[in-house]
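*Asks:* the sequence and its predicted three-dimensional model are supplied below.
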Amino acid sequence: SVLGHMAHVQDKPVSEVAQSGFGLAFIAYPEAIAQLPWAPLWSTLFFFMLLTVGLDTQFAAVEGILTSLVDQFPKYLQSKRLLLTTGVCFLLFLLGLVCVTQAGIYWVHLTDYFCTGWTFITVGLLELVGRIWIYGVNRLIKDIEMMIGVRNRLFWLWWRACWCFISPSLLVVILAWSLA
């Protein structure tokens, strides 16, 4: 509705008002928020939300890298967790410096295009296949019951359907659609 209103005000089609991606978050939405009552409050909340989403994503990424490294080499890295955290953060900082150069937006678009979308869907499908069809759905259920307690068969019927049929089917359809 916001993009429709902006298209009406600018007398343009909705497709010309804003494209998806960075223009939507940093051009179209701020312009729409500026038209609301108490615009400074909503603007502050919107950009605070963007900041917290970005920070949370970074915390999860860094923690995933650290946990993988410490789990792989516990004898060497467990006692050096602070040094490892500093090193990983510094390495990611150096890798991110390319994004603040004059060609930075091109690198961001390149990374966004090739590292999202079908890549995550393929990884999710492979993880699902690995857990359910290689490790086994019954073994996974027994592992979960060991952690949360025994549940009745009706409870697990839904999860079996999701893991074995619904999720793989949806992921294959989405993957085929995104590659078409």
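*Replies:* Yep, it's here. In this text the structure is predicted, and so the values were computed from the model without any measurement. Residues are numbered from 1 along each chain as shown.
*Asks:* what helix or strand is residue 37 on?
*Replies:* Residue 37 is located outside every helix and strand, with elements delineated by DSSP states H and E.
*Asks:* need the per-residue pLDDT for it.
*Replies:* pLDDT for residue 37: 89.
*Asks:* check the separation of the first and last residues in stretch 7-26.
*Replies:* Between the opening and closing residues of stretch 7-26 there is a gap of 17 Å (CA to CA, to the nearest Å).
*Asks:* whoops, I mixed them up, stretch 66-79
*Replies:* End-to-end distance of stretch 66-79: 13 Å, with CA to CA as the criterion.
*Asks:* can you check stretch 145-152 too?
*Replies:* Distance across stretch 145-152, first residue to last, is 10 Å (CA to CA).
*Asks:* and the closest residue to residue 131 other than its chain neighbours, how many residues sit next to it?
*Replies:* In space, and not counting its chain neighbours, residue 131 is closest to residue 140: 6.1 Å by CB to CB, 6 or more residues apart in numbering. Any C-beta I mention is one placed from the backbone N, CA and C, and that applies to glycine too. Neighbour count of residue 140, defined by other CB atoms under 10 Å: 15.
*Asks:* cool, residue 27 as well?
*Replies:* Taking other CB under 10 Å as the criterion, the count of residues near residue 27 is 13.
*Asks:* separation between it and residue 6?
*Replies:* Spatial separation of residue 27 from residue 6 under the definition CB to CB, to the nearest Å is 10 Å.
*Asks:* before we move on, back to that, and the residue nearest to residue 131, what element?
*Replies:* Using DSSP H and E, residue 140 falls in helix 137-148.
*Asks:* for stretch 97-117, the distance to its chain's centre please.
*Replies:* 16 Å (CA atoms, centre = their mean, to the nearest Å).
*Asks:* an error on my part: the question was meant for stretch 55-64.
*Replies:* 10 Å.
*Asks:* can I get that stretch as PDB, trimmed to CA atoms?
*Replies:* Taking only C-alpha atoms (Å, rounded to 0.1, in the frame of the first residue of the first chain), the coordinates of stretch 55-64 have been written out as PDB:
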ATOM      1  CA  LEU A  55      23.900  -6.700  14.400                       C
ATOM      2  CA  ASP A  56      21.900  -9.900  15.100                       C
ATOM      3  CA  THR A  57      22.900 -11.300  11.800                       C
ATOM      4  CA  GLN A  58      26.600 -10.600  12.400                       C
ATOM      5  CA  PHE A  59      26.400 -12.100  15.900                       C
ATOM      6  CA  ALA A  60      24.900 -15.300  14.500                       C
ATOM      7  CA  ALA A  61      27.400 -15.500  11.700                       C
ATOM      8  CA  VAL A  62      30.400 -15.000  14.000                       C
ATOM      9  CA  GLU A  63      29.100 -17.400  16.600                       C
ATOM     10  CA  GLY A  64      28.600 -20.000  13.800                       C
END
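*Asks:* many thanks, I have nothing further to ask.
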